[in-house]
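In: coords below, sequence missing:
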C-alpha cells in the first residue's frame, strides 16, 4: 500500500515499543505501517545491556518504576508481564539466560539476536517498515489521522501509535520529537531530564583518582536524609562518579536538581565495617607499626591512589609523619572520610550519556489499560515517550514490551 492509502494503524517509531506494537497490531489482522526516522529500526536496542540486551527482569513490579504516577504501569504489566515476555521471545527463538538480580539476557548474549527476530517477525507478518521517515506532525481528521514526514509525504491511518522514545541517547534518533507531537495534540508533558546517568560532583581532585574502582555504597542525600541508595562497583571519573549504583540513584539526584534543590552524594568506601570497628582497626594498625608514615599505613586497606585525597579531605596535614603522632580527632576524621565521604552534586552527564528519559507525556491523559489517549480517540502511546522510567536491569525494556503490546492490541482490534 502506498503512502496515500488509508492504513489501519500507523506506528511512529521503530524502537522496542514500536516494533512490539507493530507485531501485535498486525496479529489482530490490521494493516500496519511502521515509520522509523533512522536508516534501520532498533538502533537503541542494540546498545542495551552493553550490547547483550538485558530484555527483562524476573523481579519486575510497579515498585521498580518512577514518574508522576508509577502505578500507571500496573495495567500493562498485568496484561503482558515477565512470563508473557519470556514466552513471546522464546517463540521467536530467543532462549533466556538468567543472571544475578533476576536480569534476563538472550542465551546468545547478543542484542542483535533480539532485533533480528523482531525484524523477521515483522517481515513474516507483512508489517510495512519505512525507514528514513521522520514524523514531523500528526493531525486528526474525519477519516482518522494524517501523519506528516520531513520529506513532505503524508501517511494516512485510522489509528496511530506514538512510540518515538524520549531524549536519551540522541545518536539513536531520540531527540524528544514525540513529546512535541503529543503536546501539539493537547497532551501535557512532564519536564524531562536524564536518568540512569553518571553524576558530576564538586571537587578539584578527580583527575588524581580517575579510573579508581571500589566496591562500596552510594547514597543521594536531601536535607541530610538518604533518599536513594545502592551498593556495587563505584568508578571515579574526571568529572565525578559512575558505576551501576550511581546509575540507579541518579534519577533521584536529577529530580532534586530539577526542583532547584542541592542534593549531596554520600560514598561509603568501606561499607562492610561500622565506623567504630574501622576505628579499632586503624588503632591496631597504628599501634603495630608506629614508625610508618600516615600515608603508607593505609596501604592495603584502601586503594592507594585514594589515600592522599582521603587524608587531605579529612583535614589531616603532613601525611609523611609517623602514625605515632596522629591524634584521636585526626583518626576519627579519617574514619568519617572512609565511611561518610560527601560530595556536592553539580549535575548529571548529558542526554548522550543517559540510558533513559525521566518525565514525558503525562499518564493522567492516557488510559492505562489500552494506552489510548483520553483526549484524542485513536491515538495510542508506548514506551519511553510516556512519563514512566524504570530502574537499571531490564525494567525499561520490559516497559517497552508491555506498553507496546497493550497499545498494539488495542490499536489493532476491531478494524476488520
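Out: Good, I have the coordinates. Since we're looking at a predicted model, the values are computed, not measured.
In: rest of the way, CA atoms for contacts and neighbours
Out: OK.
In: Who does residue 381 form a beta bridge with?
Out: residue 162 (DSSP bridges).
In: So for the longest helix belonging to the chain, mean pLDDT?
Out: Longest helix in the chain, counting residues (DSSP state H): helix 395-412. Over the span of helix 395-412, the pLDDT mean works out to 98.
In: Apart from its neighbours in sequence, what residue is nearest the most far-flung residue of the chain relative to its centre?
Out: In the chain, residue 291 marks the outermost C-alpha relative to the chain mean, sitting 50.0 Å out by C-alpha atoms, centre = their mean. Nearest non-adjacent residue to residue 291, counting by C-alpha to C-alpha, 6 or more residues apart in numbering: residue 322, 4.9 Å away.
In: Show me where the chain has its helices.
Out: Under DSSP H, the chain gives helices at 16-27, 73-79, 82-92, 111-125, 177-184, 206-209, 244-258, 275-288, 294-297, 307-313, 328-339, 395-412.
In: List the buried residues in the first one.
Out: Which is helix 16-27. Within helix 16-27, the residues scored as buried using 16 or more other C-alpha atoms under 10 Å are 16, 17, 18, 19, 20, 21, 22, 23, 24, 25, 26, 27.
In: For residue 184, see how far away the nearest residue to residue 186 once chain neighbours are set aside is.
Out: Spatially, and ignoring its direct neighbours in sequence, residue 186 is nearest to residue 375 (7.2 Å; C-alpha to C-alpha, 6+ apart). Distance of residue 375 to residue 184, given as C-alpha to C-alpha, to the nearest Å: 12 Å.
In: residues near the nearest residue to residue 321 once chain neighbours are set aside, how many?
Out: Closest residue to residue 321 apart from its sequence neighbours, by C-alpha to C-alpha, 6+ apart: residue 293 at 5.1 Å. Using other C-alpha atoms under 10 Å, residue 293 has 19 other residues around it.
In: Equivalent analysis for residue 135, please.
Out: 25.
In: beta partners of it?
Out: residue 149.
In: right, and it touches residue 153 too?
Out: No: Residue 135 lies out of contact with residue 153 (C-alpha atoms under 8 Å); the separation is 9.7 Å.
In: ends of stretch 61-72, how far apart?
Out: Across stretch 61-72, first to last residue, C-alpha to C-alpha, it's 11 Å.
In: what is the rounded mean pLDDT of it?
Out: pLDDT averaged over stretch 61-72 gives 97.
In: If you count neighbours, what's buried in that stretch?
Out: 61, 62, 64, 65, 66, 67, 70, 71, 72.
In: Need the residues that contact it.
Out: 73-74, 77, 358-359, 362-363, 368, 387-391, 395 (C-alpha atoms under 8 Å, 6 or more residues apart in numbering).
In: Among the residues you listed, name the ones in strands.
Out: 358, 359, 389, 390 (DSSP state E).
In: For those residues, name the two members farthest from one another.
Out: 359 and 390 (11.2 Å; C-alpha to C-alpha).
In: neighbour count winner among those two?
Out: Neighbours per residue (other C-alpha under 10 Å) separate residue 359 from residue 390, with residue 390 holding more: 28 against 24.
In: who's in contact with stretch 244-256?
Out: Contacts for stretch 244-256 (C-alpha under 8 Å, 6+ apart): 193-199, 217-220, 222, 227-234, 262-263, 345, 347-348, 358, 391-392.
In: Check the residues you listed for burial and list the buried ones.
Out: 193-199, 217-220, 222, 228-231, 233-234, 262-263, 345, 347-348, 358, 391-392.
In: circling back to that earlier point, mind checking how far the residue farthest from the centre of the chain is from residue 301?
Out: Distance from residue 291 to residue 301, by C-alpha to C-alpha: 17 Å.
In: wait, which of the helices of the chain is closest to residue 141?
Out: Comparing the helices of the chain by C-alpha to C-alpha, helix 177-184 comes nearest, at 14.5 Å.
In: so residue 221 makes contact with residue 257?
Out: No: the pair residue 221 / residue 257 is not scored as a contact, 11.9 Å apart, by C-alpha under 8 Å.
In: Determine the residues that are contacts of both of these two.
Out: residue 263.
In: For the residue lying closest to residue 140 once chain neighbours are set aside, give me its contacts.
Out: Using C-alpha to C-alpha, 6+ apart and skipping the chain neighbours, the partner closest in space to residue 140 is residue 146 (6.4 Å). Contacts for residue 146 were tallied using C-alpha under 8 Å, 6+ apart; they are 138, 139, 140, 154, 155, 156, 157.
In: 10 Å instead, please
Out: Taking C-alpha atoms under 10 Å, 6 or more residues apart in numbering, we find residue 146 in contact with 4, 6, 10, 137-140, 154-160.
In: same deal with residue 200?
Out: 237-242, 343-349.
In: ok, it to residue 351 distance?
Out: Relative to residue 351, and taking C-alpha to C-alpha, residue 200 is found at 13 Å.
In: again, but for residue 7
Out: 34 Å.
In: can you check residue 293 too?
Out: 45 Å.
In: ok, now residue 399?
Out: With C-alpha to C-alpha as the criterion, residue 399 and residue 351 are 20 Å apart.
In: Same question for residue 236.
Out: 20 Å.
In: Over to residue 310?
Out: For residue 310, the distance to residue 351 - C-alpha to C-alpha - is 31 Å.
In: circling back: any common contacting residues for residue 359 and residue 390?
Out: 66, 67, 195, 384.
In: would JSON lines of the residues you listed with distance to residue 305 be doable?
Out: Below are those laid out as JSON lines (distance: C-alpha to C-alpha, whole Å):
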{"residue": "66", "distance to residue 305": "37"}
{"residue": "67", "distance to residue 305": "39"}
{"residue": "195", "distance to residue 305": "30"}
{"residue": "384", "distance to residue 305": "40"}
